[in-house]
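Chemist: could you work out the structure for the sequence below:
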Amino acid sequence: MSASDPKAWIDKFVDACVGVLGGVIALWCAIQVLESILPFLVVVIGIVALAVGSIAIFRWYRDRW
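Modeler: Next up, the predicted model:
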């Protein structure tokens, strides 16, 4: 099969399409996983932020006196 053979171009086009389809499927799966984990992450990050803020306010209030 030479580079000027139409079948070679069609094979390259099909390979590119399959590669793009694989990328789209991988991206869709990653988004589905992120959507299932996101509420948990938001809660955990919120709790950690509240804890750090509370500790910072407590230390600031205690050291002020």
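
Chemist: centre of the chain to stretch 33-40, how far?
Modeler: 10 Å (C-alpha atoms, centre = their mean, to the nearest Å).

Chemist: at which residues are the helices of the chain located?
Modeler: With DSSP state H, the ranges of helices along the chain come out as 6-64.

Chemist: got any ranges where it has weak pLDDT?
Modeler: 1-4, 65 (pLDDT under 70).

Chemist: one more pass at 90, please.
Modeler: 1-10, 60-65 (pLDDT under 90).

Chemist: burial of P6, as a residue count?
Modeler: 8 (other C-beta atoms under 10 Å). Any C-beta I mention is one placed from the backbone N, CA and C, and that applies to glycine too.

Chemist: for A49, same thing?
Modeler: The number of residues packed near A49 is 10, by other C-beta under 10 Å.

Chemist: got it, and L34?
Modeler: 10.

Chemist: I57 now?
Modeler: 10.

Chemist: distance of it from G46?
Modeler: Separation of I57 from G46 (C-beta to C-beta, to the nearest Å) stands at 16 Å.

Chemist: swap in A8?
Modeler: Taking C-beta to C-beta, one finds A8 at 56 Å from G46.

Chemist: do the same with D63
Modeler: 26 Å.

Chemist: compare those two and say which is more crowded by neighbours.
Modeler: Between D63 and G46, counted using other C-beta under 10 Å, G46 has the larger neighbour count: 10 against 7.

Chemist: now do the contacts for that one.
Modeler: Contacts here follow C-beta atoms under 8 Å, 6 or more residues apart in numbering; on that basis G46 touches nothing.

Chemist: just how off-centre is stretch 36-43 within its chain?
Modeler: With C-alpha atoms, centre = their mean, you get 13 Å for stretch 36-43.

Chemist: with only the CA atoms kept, save that stretch in CSV.
Modeler: The C-alpha trace of stretch 36-43 is given here as CSV (Å, rounded to 0.1, in the frame of the first residue of the first chain):
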residue,chain,number,x,y,z
SER,A,36,-20.5,11.0,41.5
ILE,A,37,-17.7,12.1,43.7
LEU,A,38,-18.2,15.9,43.6
PRO,A,39,-20.9,16.2,46.4
PHE,A,40,-18.7,14.2,48.8
LEU,A,41,-15.7,16.4,47.9
VAL,A,42,-17.6,19.6,48.5
VAL,A,43,-18.7,18.4,51.9
